[in-house]
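Enquirer: Sequence and predicted model, in that order:
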Amino acid sequence: MQAWKQYQEQHKDRFLNELVDLLKIPSVSARSEHKNDMVTCAEAVKQQLLAAGATTASIYPTDGHPIVYAEKIVDASLPTVLVYGHYDVQPADPLELWHSGPFEPVIKDGKVYARGACDDKGQFYMHVKALEVMSQTNTTPTNIKFLIEGEEEVGSPNLGKFVKAQKELLKADVILISDTAMISMDTPSIDIGVRGLSYIEVEVTGPNRDLHSGVYGGAVANPLTILAKMIASCHDENNHITIPGFYDDVVEATPAEREKMAKAPHNDGDYAADLGVQELWGEKGFTTNERTGIRPTLEVNGLWGGYTGEGAKTVLPSKAYAKISARLVPNQSSSVITQKLLSYFESIAPKGVTVKATEHHGGEPYMTPIDSIEYQSAAKAIESTFGKEPIPVRGGGSIPICALFEKELGIKVIFMGFGLDSDNLHSPNEKYDIANYYKGIETIPYFHWHYAAAKKA
């Protein structure tokens with residue numbers, strides 16, 4: 001084990017420089033103009049896996065962006081760990097809010113700033129370097145497989161087909177994912193679950209063309225006004241979601257689980273100050289950590305229509321649009337909730353407009369039992385390098401493919417994220433603490449060691 005730390009210390013500058021090179025590739029899966037960049041990034045990931053010690057690595061084309069698969073098989077009798085990550089990143093907009101170019105990585109104050117720094121290039125690349133550390137010190141205690149996809153940020157539309165077709169290739173004992181966060185470096189934690197996702201778009205159409213708001217205003221329904229009222233109706237005075245049947249299948253957290261969550265250090269004042277808001281907002285009767293972990297939510301992700309350019313234009317728009325997402329908790333179904341959302345917006349439309357609601361993508365919530373040897377191995381690994389036992393928490397984000405993995409491969413997912421909630425994921429100035437990056441590389445080999453020992457016992 002000491003050899004792991006020595007090797008990492010000797011090569012840490014190179015480890016960081018390699019990550020910086022990966023962050024320079026604008027692998028934005030949502031934009032067609034980056035199709036070639038996606039191929040370039042997939043090839044770079046393949047080459048780095050081979051350099052790190054993978055015995056084989058291949059790029060598999062899909063109907064969208066390619067998937068990278070690699071493996072290092074040490075001994076067929078050893079347990080196999082399947083590492084999942086994604087090399088695609090979110091669009092960088094709005095560009096004017098970035099302090100530096102999103103694909104021109106800058107190291108400042110012990111952090112690397114770039115799109116994808118934490119989500120998920122910095123985090124999956126920790127596993128690539130952990131493979132190198134173990135390979136170069138001849139201490140790899142498990143077989144390791146890598147599945148690094150290029151479509152996570154657009155809902156992984158082709159991953160399901162790949163997993164179903166490649167069950168034998170992906171056969172493993174556990175799936176390890178670093179695409180989550182921990183509370184802090186002082187208070188390490190492990191996500192024991194992530195929320196599901198339902199994502200829709202709503203289009204409201206009024207008159208057959210844009211109108212002069214002075215001539216027609218007051219006589220014709222304004223699609224923007226109607227859409228705003230429809231969205232406002234989704235929450236009551238207690239910020240409880242009003243869509244019929246939305247909470248029907250929610251599994252309420254037990255008092256014991258809520259008590260355990262309450263042990264995580266949190267200060268609402270500091271939280272609000274960090275976000276630049278004077279007061280927090282959310283469902284009445286729940287704490288901030290509960291609102292972002294154990295409760296479902298409904299949020300507007302985009303709202304537009306009419307004139308949005310410089311200066312003024314007195315127009316009554318023909319159309320208005322909104323992108324709306326719901327985060328789901330255990331026992332909620334993304335397909336059921338999506339249908340409820342679509343039906344709700346179509347049913348409440350006044351006669352002066354027409355409403356078209358369509359689905360984008362979704363995913364199921366996921367939970368990991370904390371009494372499993374897989375979770376216990378992760379907890380022991382973190383305790384080995386942090387010197388304290390991690391707190392189990394529920395993550396607020398979504399990783400839609402977790403339920404798919406368990407269904408198709410019949411194995412559990414373990415989350416070992418080293419990011420922070422303050423890393424500006426999906427926002428301008430995304431960052432990743434270099435200390436967290438190094439700590440992840442240091443910790444991951446311990447998971448493999450503890451897991452191999454537990455499986456052998």
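Expert: Okay, I see it. Predicted model, so just to flag it, every value in this text is computed and none were measured.
Enquirer: hmm, who's touching the helix or strand containing residue 432?
Expert: In the assignment (DSSP states H and E), residue 432 maps to strand 431-433. The contact list for strand 431-433, computed with Cβ atoms under 8 Å, 6 or more residues apart in numbering, reads 110-114, 117-118, 122-123, 185, 419-420, 423-424. All C-beta spots, glycine's among them, are computed from the backbone N, C-alpha and C.
Enquirer: Just checking: what are the partner strands of it?
Expert: strand 111-113 (antiparallel) (DSSP bridges).
Enquirer: hmm, back to that, now the strand holding residue 432: mean pLDDT?
Expert: For strand 431-433, mean pLDDT is 98.
Enquirer: and if you look at stretch 135-144?
Expert: pLDDT averaged over stretch 135-144 gives 97.
Enquirer: Alpha carbons only: can I get it in CSV?
Expert: Extracted C-alpha coordinates of stretch 135-144, given in CSV (Å, rounded to 0.1, in the frame of the first residue of the first chain):
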residue,chain,number,x,y,z
SER,A,135,-0.4,-1.9,-12.4
GLN,A,136,2.9,-0.2,-12.0
THR,A,137,3.3,-1.5,-8.4
ASN,A,138,2.1,-5.0,-9.3
THR,A,139,-0.7,-4.8,-6.6
THR,A,140,-3.9,-5.1,-8.6
PRO,A,141,-6.2,-7.2,-6.4
THR,A,142,-9.2,-7.4,-8.7
ASN,A,143,-10.1,-7.6,-12.3
ILE,A,144,-11.1,-4.2,-13.6
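Enquirer: residues in contact with it?
Expert: Against stretch 135-144 from outside (Cβ under 8 Å, 6+ apart): 1, 3-4, 7, 52-53, 71-76, 78-81, 83, 131, 134, 172, 445, 448-449, 451-453.
Enquirer: Report the buried residues of it.
Expert: 135-137, 140-144 (16 or more other Cβ atoms under 10 Å).
Enquirer: go on, stretch 296-310?
Expert: Applying 16+ other Cβ under 10 Å to stretch 296-310 flags 296-298, 305-306 as buried.
Enquirer: In strands, which of those fall?
Expert: The strands, defined by DSSP state E, take in 297-298, 305 from these.
Enquirer: neighbours of residue 360, just the number please.
Expert: 16 (other Cβ atoms under 10 Å).
Enquirer: doesn't it fall inside a strand?
Expert: Yes - per DSSP: H, G, I helix; E, B strand; the rest coil, residue 360 lies within a strand segment.
Enquirer: From what I see, it and residue 157 are in contact.
Expert: No - checked against Cβ atoms under 8 Å, the pair residue 360 and residue 157 is beyond contact range at 10.4 Å.
Enquirer: which residues does the nearest residue to residue 27 once chain neighbours are set aside contact?
Expert: In space, residue 27 comes closest to residue 41 once its chain neighbours are excluded; the distance is 3.9 Å by Cβ to Cβ, 6 or more residues apart in numbering. Taking Cβ under 8 Å, 6+ apart, we find residue 41 in contact with 22, 25, 27, 87-88, 150.
Enquirer: The stretch 201-350 of the chain: strands as residue ranges?
Expert: 211-212, 297-305, 315-316, 319-328 (DSSP state E, counting those that start in this stretch).
Enquirer: Redo these as JSON lines? Include mean pLDDT.
Expert: Putting the strands of the stretch 201-350 of the chain into JSON lines (pLDDT from 0 to 100) gives the following:
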{"stretch": "strand 211-212", "mean pLDDT": "97"}
{"stretch": "strand 297-305", "mean pLDDT": "97"}
{"stretch": "strand 315-316", "mean pLDDT": "96"}
{"stretch": "strand 319-328", "mean pLDDT": "97"}
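Enquirer: how about the ones you listed in TSV, adding distance to residue 388?
Expert: Shown next, in TSV, are the strands of the stretch 201-350 of the chain (distance: least, Cβ to Cβ, whole Å):
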stretch	distance to residue 388
strand 211-212	64
strand 297-305	31
strand 315-316	59
strand 319-328	29
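Enquirer: Can you say which of those is nearest to residue 411?
Expert: Residue 411 sits nearest to strand 319-328 of all those, at 22.3 Å, using Cβ to Cβ.
Enquirer: The closest one: which residues count as buried?
Expert: 319-322, 324-328.
Enquirer: with those in mind, which one is nearest to residue 230?
Expert: So of the buried residues of strand 319-328, ranked by how close each gets to residue 230 (Cβ to Cβ), first place is residue 322, at 8.4 Å.
Enquirer: tell me the contacts of the closest one?
Expert: Contacts of residue 322 by Cβ under 8 Å, 6+ apart are 201-202, 227, 231, 300, 302-304.
Enquirer: just residue 211 next, same as before
Expert: 217, 220, 315-316, 318.
Enquirer: again, only this time at 6 Å
Expert: residue 316 (Cβ atoms under 6 Å, 6 or more residues apart in numbering).
Enquirer: For it, give the beta-bridge partners.
Expert: In beta-bridge terms (that is, DSSP bridges), residue 211 pairs with residue 316.
Enquirer: in the protein, what residue sits furthest out from the centroid?
Expert: For the chain, the largest distance from the centre (Cα atoms, centre = their mean) belongs to residue 215, which lies 47.2 Å off.
Enquirer: separation between that one and residue 314?
Expert: 9 Å (Cβ to Cβ, to the nearest Å).
Enquirer: Give me the spatial nearest neighbour of residue 421, chain neighbours excluded.
Expert: If the residues on either side of it in the chain are set aside, residue 421 comes closest to residue 181, at 5.2 Å by Cβ to Cβ, 6+ apart.
Enquirer: didn't the one you found look like it was pressed against residue 415?
Expert: No - Residue 181 is beyond contact range of residue 415, at 9.5 Å (criterion: Cβ atoms under 6 Å).
Enquirer: residues in contact with stretch 189-202?
Expert: So stretch 189-202 is contacted by 180, 182-183, 322-329, 334, 337-338, 341, 345, 357-368, 370, 378, 390-395, 397-399, 415 (Cβ under 6 Å, 6+ apart).
Enquirer: just checking, which of these belong to helices?
Expert: 334, 337-338, 341, 345, 378 (DSSP state H).
Enquirer: Most neighbours among the residues you listed, which one?
Expert: Of these, with other Cβ under 10 Å as the count, residue 378 tops at 27 neighbours.
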